[in-house]
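Trainee: Please work out how this folds:
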Amino acid sequence: MENISKHFGGTRALNEVSVRVEPGEIHALIGENGAGKSTLIKILSGAYTKDQGTIRIDGAPVSISSPLDAKNLGVAVIYQEFMLAPDLSVAENIFIDRLSEKGKLINWKKLNSDARERLEGLGFGNISPQKKVGSLSVAHQQIVEICKCLTRNAKILILDEPTAVLTVAEIEKLFRLIGFLKEQGVSILFVSHHMNEIFELCDSYTVLKDGCFVSTGKVKDVHNDDLIHMMIGRELKNMYPERNARKGDVVLRVENLNAGDRVRNISFEVCAGEVLGFSGLVGSGRTETLRAVFGVDKRDSGKIVFLGEEVDFKEPRDAVKKGLGYLSENRKTLGLLVNQSIRINTTMSSLGKVTRRGFLKHKKEKEYVKELLSKLSTKYGSMEDDVSSLSGGNQQKISFAKWVSADCRCIVFDEPTRGVDVGAKVEIYEIINSLAEQGVAVIIISSEMTEIIGMCDRALIMAQGRITGEVGKEFLNEDTIIKLAMEG
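Mentor: This next block holds a predicted model:
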């Protein structure tokens, strides 16, 4: 891609950006949220059309004005949100546009056999072609998505944050699959905010910042700190800022909580000024536990005490009224109104701050939103733009800002930095520290062990719906977390 530019109204998304990927090469596309990575990917995949520049495949200039053009040229994209039909089978999804020959009935036996052969070829023969995709784990859904792309003879595969919802074991399997595709000559454009993944997997890199090209080169020739400096324009000296918070009284206490199969006899407490972590493998029951506390899921039994009072939150609004907040891990369906404005999303949990006698004070609301989002370095055009117009990382910041502004006494942050670049992570950690220093009780659910270790005063490790251990700050390390996460 040579000198690619793209504008949205008066906003410059890309300015003469170039990137070159060789056959059988894994090329990292790196940059902060809003740097232009998603725009560049969408131009290559046909979702957007470029304003200027040239795209060449195998040396020849090509025209890509639609996703169909991209597909016919061998370009495939695996987005963070999968493009799958959950109520159809694995085989139907893999061959969704070629279920039968023209004018003929579907040969189900052949369809399932072909799907099984493709899955076995990728090393995932344990996935049943006849199973509904919606019933699969997220990791297996991702494999189905990749398999679907490869059946179209994709020679350029774009992976957008592919490890965001995978366990350590699943990431290892995915990396083996990516290595296999590389050996087959597939060119892979790899987008990730995890620097360790880039150094483990990628051959080369291109850095973008504010829609502009910064640098390109071989991964083996660059240091981690150099890449971060290129991305954010400054040195990142301390990933996990120091916190000076004083531990106060117990804010939330949970006793013998049971809710379905994944929440079994859970007891814990968190105090004012404390950051409590929940760690464990995906599916261990971390999220389900806090959803039951918050009133999203029904409790079977157990006792919840909030601010010294026994409570029974029937639905989330009851919890919010009492001062308990919850940032969901799934921002698009549970955390945000993506087709509403940035302004509405930011203030919807704190309208009392921008209203008077029931009337919205528009000037005050706009000033409040501008100040709050600037603290999180959120990149947006106008606060009246829909949230769907933002990059994934900036959407996460809006979701985060909503709860920061709500004056909660306790906030649960479920995967608070998923899809967020390293610079923005530090900004979010600083906000979490500020909340704790103000006496807010904070709970972090995270699949990143380094995040649990770096941010939490203590952590509860879960496996198969149970707490398998509680670890204090001085003993928090990856070996201990993995050992406890594998129990149960």
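Trainee: so how far is Q80 from I198?
Mentor: 17 Å (C-beta to C-beta, to the nearest Å). Every residue, glycine included, has its C-beta placed from N, CA and C.
Trainee: Assess the claim that N433 and G273 are in contact.
Mentor: No. With contact defined as C-beta atoms under 8 Å, N433 does not reach G273; the gap is 10.4 Å.
Trainee: So which of these two has more stuff around it?
Mentor: Per other C-beta atoms under 10 Å, whichever of N433 and G273 has more neighbours is G273, with 22 against 19.
Trainee: can you confirm that one is in a strand?
Mentor: No. Per DSSP: H, G, I helix; E, B strand; the rest coil, G273 lies outside any strand segment and is coil.
Trainee: number of nearby residues for T347?
Mentor: The burial count for T347: 26, using other C-beta under 10 Å.
Trainee: hang on, the earlier thing: overlap in contacts, N433 and G273.
Mentor: Common contact partners of N433 and G273 (C-beta atoms under 8 Å, 6 or more residues apart in numbering): A245.
Trainee: and for the lengthiest strand in the chain, what are the contacting residues?
Mentor: Assignment by DSSP state E gives strand 250-258 as the longest strand of the chain. Strand 250-258 has contacts (C-beta under 8 Å, 6+ apart) with 263-272, 289, 292-293, 299-307, 324, 409-410, 441, 443.
Trainee: Looking at I198 and Q80, which is more packed in?
Mentor: Neighbour comparison, I198 and Q80: the larger count goes to I198, with 21 against 17 (by other C-beta under 10 Å).
Trainee: got any ranges where the stretch 201-350 of the chain has weak pLDDT?
Mentor: Along the stretch 201-350 of the chain, segments meeting pLDDT under 70 span 234-237.
Trainee: can you map out the strands along it?
Mentor: In the stretch 201-350 of the chain, the strands defined using DSSP state E, counting those that start in this stretch lie at 204-209, 212-218, 250-258, 266-271, 275-280, 301-306, 309-311, 324-327.
Trainee: Let me see the contact set for the closest residue to N33 other than its chain neighbours.
Mentor: With sequence-adjacent residues excluded and distances taken as C-beta to C-beta, 6 or more residues apart in numbering, N33 is closest to G393, at 2.7 Å. With contacts defined as C-beta under 8 Å, 6+ apart, G393 is in contact with 32-34, 193, 419-421, 424.
Trainee: Tabulate these in TSV, adding columns for distance to D51.
Mentor: Putting the contacts of G393 into TSV (distance: C-beta to C-beta, whole Å) gives the following:
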residue	distance to D51
E32	22
N33	22
G34	18
H193	27
G419	26
V420	28
D421	25
A424	27
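Trainee: now, among those residues, which is nearest to I342?
Mentor: Proximity of these to I342 (C-beta to C-beta) peaks at G34, which lies at 12.9 Å.
Trainee: who's in contact with the nearest residue to that closest one once chain neighbours are set aside?
Mentor: Closest residue to G34 in three dimensions, ignoring its sequence neighbours and counting by C-beta to C-beta, 6+ apart: K379, at 3.4 Å. K379 makes contact with 33-34, 390-391, 394, according to C-beta under 8 Å, 6+ apart.
Trainee: Report how many residues lie close to G277.
Mentor: Under the neighbour criterion other C-beta under 10 Å, G277 is assigned a count of 26.
Trainee: any idea how far it lies from E430?
Mentor: From G277 across to E430, the span is 17 Å (C-beta to C-beta).
Trainee: Ok, K173 next?
Mentor: Taken as C-beta to C-beta, the span from K173 to E430 is 35 Å.
Trainee: How about V75?
Mentor: Counting by C-beta to C-beta, the gap from V75 to E430 is 39 Å.
Trainee: Looking at the two, which is more packed in?
Mentor: With neighbours defined as other C-beta under 10 Å, V75 and E430 compare such that V75 has more, 26 against 15.
Trainee: what is that one paired to in the beta sheet?
Mentor: Beta bridges link V75 to I156, judged by DSSP bridges.
Trainee: confidence score at it?
Mentor: In this model, V75 is scored at 94, pLDDT.
Trainee: I'd guessed it sits against A47; true?
Mentor: No. Under the criterion of C-beta under 8 Å, V75 makes no contact with A47, lying 11.0 Å away.
Trainee: if we can go back for a sec, nearest to L14 among the contacts of G393?
Mentor: G34 (11.4 Å).
Trainee: Tell me the secondary structure at the closest one.
Mentor: Three-state assignment for G34 (three-state DSSP): coil.
Trainee: how many other residues sit next to it?
Mentor: Neighbours of G34 under the rule other C-beta under 10 Å: 24.
Trainee: which non-adjacent residue is nearest T49?
Mentor: S65 (5.5 Å).
Trainee: Oops, could you answer that again for A70 instead?
Mentor: Closest residue in space to A70, ignoring its immediate chain neighbours: G46 at 3.9 Å, by C-beta to C-beta, 6+ apart.
Trainee: how close does the one you found sit to T468?
Mentor: Separation of G46 from T468 (C-beta to C-beta): 47 Å.
Trainee: repeat for I344
Mentor: Applying C-beta to C-beta, the value for I344 to T468 is 41 Å.
Trainee: More neighbours: G46 and T468, which one.
Mentor: Under the neighbour definition other C-beta under 10 Å, G46 and T468 were set side by side, and G46 has more, 20 against 17.
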